[in-house]
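Peer 1: everything below, folded, please.
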Amino acid sequence: MKCPICKGSHVIDLVYHQEVYRCITCDHLFRGNTDTFTYDFYQKHDYWYKDPIWRIFQKTYFAFFEQFIGRDPDVIEYGAANGDFLHLVWMHMTQVMQIKPNIYYNELIDIASPDFECFIPLDHRWIGPIEDLDGLVKNKFGNVFLIEVLEHFKDPQLCMDIIERQTKNGGRILIATDNGEHLNAANMMFQHQEHLNIFTQKSFEWMIKPFNFDMLLYWSSPVGKSYIVLEKK
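Peer 2: Model (predicted):
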């Protein structure tokens with residue numbers, strides 16, 4: 001078994017034959033049976049955005065990232081679910097920043113709320129896994145959001161490579177993800193089949209080494225989430 005981030009083979013099987021490992025070299029937490037995992041899983045499990053607590057989570061994430069949103073009007077969220085977070089971004093940019101944003105939406109299937117059609121038109125919806133967008137998307141963005149998405153990528157380095165090419169120079173990538181250094185990190189892997197990679201700061205920094213990013217922020221909250229802001233050089 002090799003770590004998907006540092007490619008090292010010095011890994012620990014956390015619970016015997018449960019296919020969840022921690023890398024000793026880069027401290028990454030990962031699932032070992034991703035060859036059999038497909039993104040179809042998400043199309044059959046839509047519970048997350050239907051839970052009333054979802055909207056509160058989005059407000060929490062937005063409150064943290066509000067000060068880091070750049071003035072560039074070109075915005076995309078990968079894994080945007082029903083668009084609640086993008087709605088908060090749209091309101092902030094139009095009402096506070098006095099900017100007319102150009103917002104794009106990505107999700108495996110189009111589950112954007114009809115209430116948001118005013119700022120997420122159909123031709124701004126890219127439906128499908130991010131890997132399928134590689135080479136097809138010519139747009140570049142100044143604000144890129146990954147809210148509770150990074151841990152779901154089968155190949156996070158491949159996805160970050162695609163995202164880097166779709167980000168403008170000086171553009172920002174704003175990430176909220178599980179914290180691999182939290183005491184509950186292993187449980188997040190065992191309890192959620194869809195969690196494939198959980199990063200510590202060490203493994204995240206290892207992953208982005210090949211990319212042209214400055215890391216403006218890496219903060220891990222006491223409740224098990226990490227908030228990351230990258231800026232493309």
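Peer 1: just the strands in this structure please.
Peer 2: Along the chain, counting by DSSP state E, strands occupy 11-13, 20-23, 29-31, 74-78, 102-107, 125-127, 141-147, 167-178, 197-198, 213-220, 225-232.
Peer 1: can you give the strand pairings for the fourth one, parallel or anti for each?
Peer 2: Strand pairing for strand 74-78, using DSSP bridges, gives strand 102-107 (parallel), strand 141-147 (parallel).
Peer 1: can you check the first one too?
Peer 2: When pairing is defined by DSSP bridges, strand 11-13 lines up against strand 20-23 (antiparallel).
Peer 1: can you pull the contacts of residue 42?
Peer 2: Contact analysis of residue 42 by CB atoms under 8 Å, 6 or more residues apart in numbering lists 108, 152, 194. Where C-beta positions appear, they are placed from N, C-alpha and C, glycine not excepted.
Peer 1: rewinding a little: now, of the strands of the chain, which is deepest in the fold?
Peer 2: Neighbour counts (mean count of other CB atoms under 10 Å) averaged over each of these peak at strand 197-198, with a mean of 27.
Peer 1: re the thing from before, dump the strands paired with strand 74-78 to TSV, plus distance to residue 166.
Peer 2: As requested, the strands paired with strand 74-78 are arranged in TSV below (distance: least, CB to CB, whole Å):
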stretch	distance to residue 166
strand 102-107	10
strand 141-147	6
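Peer 1: tabulate these (JSON lines), appending mean pLDDT and distance to residue 44.
Peer 2: As requested, those are exported to JSON lines (pLDDT from 0 to 100; distance: least, CB to CB, whole Å):
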{"stretch": "strand 102-107", "mean pLDDT": "96", "distance to residue 44": "14"}
{"stretch": "strand 141-147", "mean pLDDT": "97", "distance to residue 44": "21"}
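Peer 1: please identify which of those is closest to residue 34.
Peer 2: The closest of the strands paired with strand 74-78 to residue 34 is strand 141-147. By CB to CB, the value is 18.5 Å.
Peer 1: where does this protein have its least confident helix or strand?
Peer 2: helix 47-50 (a mean of 69; mean pLDDT, DSSP states H and E).
Peer 1: which residue sits closest to residue 227, ignoring its sequence neighbours?
Peer 2: Distances taken as CB to CB, 6 or more residues apart in numbering put residue 219 closest to residue 227, at 5.0 Å, once the chain neighbours are dropped.
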